[in-house]
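# Build me a model:
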Amino acid sequence: MADNFCEALKKLKLTSADSTEDSLEGCLDCLLKALARNNAEASEKIQENGILQVFPGLLGPHSSCTPKVANIIAEVAKNEFMRSPCVEAGLIPPLVQLLNCKDQDVLLQTGRALGNICYDSHEGRSAVDRAGGAQIVADHIRLLSQNTDPANQKLLTVFCGMLMNYSNDNDSLQAQLVNMGVIPTLVKLLGVHFQNTPLTEMCLIAFGNLAELESSKEQFASTNIAEELVKLFRKQTEHEKKEMIFEVLAPLAENDMIKLQLVDAGLVECLLDVVGQTVDGDKEEDIAELKTASDLMVLLLLGDESMQKLFDEGKGSVFQRVLSWVPSHNHQLQLAGALAIANFARNDGNCIHMVDTGIVQKLLDLLDRHVEDGNVTVQHAALSALRNLAIPVVNKAKLLSAGVSEEVLKFLKSEMPPVQFKLLGTLRMLIDAQAEAAEQLGKNVQLVERLVEWCEAKDHAGVMGESNRLLSALIRHSKSKDVVRTVIQSGGVKHLATMATSEHMIMQNEALVALGLIAALDLGMAEKDLESATLVQVLHKLLSDERSAPEIKYNSMILICTVMGSEPLHKEVQGLMFLDVVSKLRSHENKMVAHQASLTEQRLTAQS
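Okay, the predicted model is just below:
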């Protein structure tokens, strides 16, 4: 057999130009048999004998040998080491020309050859791109999409595979296919051929490739992809098939319009069924399906319209089912349930309804189960939900009386920045305009010392920012001398002075108001800290900076007037020529700033 193969290679090389088609067919059959026996070895020999260079001349549209030559190229190109040589041998242009042929066998083998050459090969894709192969294949798919003849379905499967290999992991080629209008054609294919497993799988893989591309989402949204995918999902019983559909749904569901379409198409009911079927399963595939389904459910709730539709004024069956996940024994469902509540709690109406229907206790019970060595993602999700629920004014007192602050404080010892960040945000929302709660928390030395520690968490900007803001909020909302003293004794003053130089105007302002209260309530005790924090220089800089917002200038001047009650700070004010800066502000366009500048000028003049 090996001798026949070698003989065929020689014969092909010597006589391809003037051989009869019959003798060529025999040689080609011999090559195909050798490839079937040992593809890699036979491919190497084909390359070593220069046969690839012979093939372009054998790829004529009217030659009976053409399907076999294309078949051999397809087999050879299964080997990674053969793809570049195929391109270098000039096989791509004649293969692309064959795509204009009407013969189904030629088209099938040509599609296979081009698809295999493109697989994971930059050279192959570039050559097909230059020859315009993708557009011809896309046109074929469009024209053949309605034909359900088995031979046609096989050809469509090959063509879809070719486009997939051509564009896989290549954003610019994927964008090219999107611009060619491939997406509506593939969605149509899925609808017409949903009973043909190889073709639907190929469509799904192609969707998975294209759905990652941002520019594809609009095109997907203009088709009935949601309906088709949900219809296909309902038919699936095998884990692998469901996973394939999930892999397409996840990137598509990032688009708000498609989220709504998926909800309307009934995806949520499918997901709830998956959860019900897998929640008690201990097989790996059950755990994977449960995670994917519940994650996707949470993703659907990120869209405002889809979320509101599922909330349905708190009466939605989906909303009720998701609530039942929170007390579940399953960590994944606890996580998804808490995240879902956080997503439902994105407007005041929903938040008020949820608090009134007792959701807070469910979240507190969940947190309590995760205090000691708990699941960090569950802690983070439950705290996120409580933070969102605490935003409406009417909810704050209800959450406080339910014991939310006490529960949240149990996580002060957490070393996980995401948990620290949400804990801080929850407490800050809770004490907004709640003087009693702010005072109670502000006198909690353990809390204030932890905040001062986190104000130095330079590796975690979010935690650092939230710590500063909560420190300021405790003072601003309590207006309590005891709280001010706790902050001073814990070393918090310097952090508030630094916060006044933040690039965020809201944080600057919060810091200045808090510092103003510190100076007004216990200047004597704060004096040394304000001095070492160079507060007077900070204020001079803020007033001199033209970019400072009116409220920053206004509060800086009030603070100047207050700190002048301290002798060392008064001397610093005198030494920095504040009068020049303040007198200019008397003509400021903001009336409050101009008025405060006049008052501050009088104070500076009287005490100079």
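
# where in the protein is pLDDT low?
Within the chain, the segments meeting pLDDT under 70 span 1-8, 10-22, 607-608.

# Need the residue closest to the centroid of it.
With distances taken as CA atoms, centre = their mean, Glu254 lies nearest the centre of the chain, 8.0 Å away.

# how close does it get to Val248?
12 Å (CB to CB, to the nearest Å). Every C-beta, even on glycine, is put in place using the N, C-alpha and C of the backbone.

# The nearest residue to Cys86 once chain neighbours are set aside: neighbour count?
Spatial nearest neighbour of Cys86, excluding adjacent residues (CB to CB, 6 or more residues apart in numbering): Ile117 at 5.2 Å. As a burial measure, Ile117 scores 30 neighbours (other CB atoms under 10 Å).

# begin at 53 from here
Sure, I'll start counting at 53 from here, so that last one is Ile169.

# Show the contacting residues for Ile169.
Residues near Ile169 by CB atoms under 8 Å, 6 or more residues apart in numbering: Ile125, Ala129, Arg135, Cys138, Val139, Leu143, Ile144, Gly176, Ala179, Val180.

# neighbours around the fifth one, how many?
For Val139, the number of neighbouring residues by other CB under 10 Å comes to 22.

# repeat for the last one
Neighbour count for Val180, taken as other CB under 10 Å: 28.

# One more: the fourth one?
Under the neighbour criterion other CB under 10 Å, Cys138 is assigned a count of 27.

# The residue nearest to the centre of the chain contacts Leu352, correct?
No - taking contacts as CB atoms under 8 Å, Glu306 lies outside contact range of Leu352: 10.4 Å.

# the longest helix in the protein is where?
Looking across the chain with DSSP state H, the single longest helix is helix 557-584.

# Which strands and helices lie in contact with the helix or strand following that helix?
Using DSSP states H and E, the next helix or strand after helix 557-584 towards the C-terminus is helix 587-596. With contacts taken as 3 or more CB pairs under 8 Å, 6 or more residues apart in numbering; DSSP states H and E, helix 587-596 sits against helix 557-584, helix 602-615, helix 619-627, helix 630-636.

# Among these, single out whichever gets nearest to Lys367.
Within those, the stretch nearest Lys367 is helix 557-584; the backing value is 37.3 Å (CB to CB).

# Can you give me the buried ones in that closest one?
Residues of helix 557-584 classed as buried by neighbour count (16 or more other CB atoms under 10 Å): 559-575, 578-579, 581-583.

# do the same with stretch 266-280
Ser268, Lys269, Gln271, Phe272, Ala273, Thr275, Ile277, Ala278, Glu279, Glu280.

# Now that the last one has come up, it's in contact with Val239, right?
What it means is Glu280. Yes - in this structure, Glu280 is within contact of Val239 by CB under 8 Å, at 6.1 Å.

# Can you tell me what sits against stretch 110-125?
68, 73, 76-77, 80-81, 83-84, 87, 98, 107, 138, 143, 146-147, 149-150, 152-153, 155, 157-158, 160-162, 164-165, 168-169.

# and Glu270, what is it in contact with?
Counting by CB under 8 Å, 6+ apart, Glu270 touches Asn307.

# Please repeat the previous calculation with a cut-off of 7 Å.
By CB atoms under 7 Å, 6 or more residues apart in numbering, Glu270 lies in contact with nothing.

# try Leu312
Gly355, Glu357, Ser358.

# ok, how many other residues are close to the last one?
So the one you mean is Ser358. 25.

# From Gly368, how far off is it?
From Ser358 to Gly368 the distance is 11 Å (CB to CB).

# ok, now Ile411?
14 Å.

# quick one, which of these two is more surrounded?
More crowded of Ile411 and Gly368, by other CB under 10 Å: Ile411, with 21 against 16.

# Hmm, Leu265 and Asp223 touching each other?
Yes - with contact defined as CB atoms under 7 Å, Asp223 counts as touching Leu265 (6.5 Å).

# Compare those two and say which is more crowded by neighbours.
Leu265 (18 against 12).

# What lies in contact with stretch 271-286?
230, 235-236, 239, 242-243, 246, 252, 263, 294, 297, 300-301, 304, 307, 309-310, 313-314, 317-319, 322.

# Contacts for stretch 449-458 next, please.
Contacts for stretch 449-458 (CB under 7 Å, 6+ apart): Val407, Val412, Gln413, Leu416, Leu438, Leu441, Ala442, Leu479, Leu482, Gln486, Ala489, Leu493.

# do that again at 8 Å, thanks
Against stretch 449-458 from outside (CB under 8 Å, 6+ apart): 407, 412-413, 416, 438, 441-442, 478-479, 482, 486, 489, 492-493.

# and the residue lying closest to Asn248 once chain neighbours are set aside, what element?
Excluding the flanking residues, the one nearest Asn248 by CB to CB, 6+ apart is Gln205, at 5.0 Å. Here Gln205 is covered by helix 202-219, with elements defined by DSSP H and E.

# Give me the contact list for whichever helix or strand comes after that helix.
Using DSSP H and E, the helix or strand that follows helix 202-219 in sequence is helix 223-231. If you take CB under 8 Å, 6+ apart as the criterion, helix 223-231 is touched by 177, 181, 186, 190, 215, 218-219, 261-262, 264-265, 267-268, 271.

# And those, which two are furthest apart?
The distance between the two most remote of those (CB to CB) is 21.6 Å, for Arg177 and Gln271.

# The spatially closest residue to Gln161 that is not a sequence neighbour and Gln149, how far apart?
Distances taken as CB to CB, 6+ apart place Ala122 nearest to Gln161, at 3.6 Å, with adjacent residues excluded. Going from Ala122 to Gln149 by CB to CB gives 12 Å.

# neighbour count winner among those two?
Ala122 (27 against 16).

# how much space is there between that one and Leu415?
As defined by CB to CB, Ala122 lies at a distance of 63 Å from Leu415.

# show me what contacts Ala490?
Ala490 neighbours (CB under 8 Å, 6+ apart): Ile483, Ala525, Leu526, Arg528, His529, Ser530, Ser532, Val535.

# just Lys293 next, same as before
Neighbours of Lys293 in contact, by CB under 8 Å, 6+ apart: Glu253.

# Backbone torsions only: list them for it.
Backbone torsions for Lys293, taken as degrees, to the nearest 10, come to phi -70, psi -40.

# So Val350 sits against Ala388, correct?
Yes - the pair Val350 and Ala388 passes the contact test of CB under 8 Å, sitting 5.5 Å apart.

# higher neighbour count, those two?
Ala388 (27 against 18).

# For Gln288, see how far away that one is.
From Ala388 over to Gln288 (counting by CB to CB), the distance is 21 Å.

# Contacts only, for Leu476.
Applying CB under 8 Å, 6+ apart, the residues near Leu476 are Leu503, Trp506, Val515, Glu518, Ser519, Arg521, Leu522.

# So the third one versus Lys474, what's the distance?
Distance, Val515 to Lys474, by CB to CB: 10 Å.

# cool, the second one as well?
Separation of Trp506 from Lys474 (CB to CB) stands at 13 Å.

# Looking at these two, which is more packed in?
Ranked by neighbour count (other CB under 10 Å), Trp506 and Lys474 place Lys474 first, with 27 against 24.

# In terms of helix, strand or coil, where does the more buried one fall?
helix (DSSP: H, G, I helix; E, B strand; the rest coil).

# Hmm, Asn569 is touching Arg537, no?
Small correction: residue 569 is Leu, not Asn. No - judged on CB under 8 Å, Leu569 makes no contact with Arg537 at a distance of 11.9 Å.

# host element of His647?
In this assignment (DSSP H and E), His647 forms part of helix 643-658.

# so what's the closest residue to Cys212 other than its chain neighbours up against?
Excluding the flanking residues, the one nearest Cys212 by CB to CB, 6+ apart is Met254, at 4.1 Å. Met254 sits next to Thr209, Cys212, Gly213, Met216 when contact means CB under 8 Å, 6+ apart.

# Helix, strand or coil: sort out Met254 for me.
What three-state DSSP gives for Met254 is helix.

# and if you look at the one 3 residues further on?
For Ile257, the assignment made with three-state DSSP gives helix.

# coming back round to it: just give me the closest of the contacts of Leu476 to Arg373.
Closest to Arg373, out of all of those and judged by CB to CB, is Glu518, at 33.1 Å.
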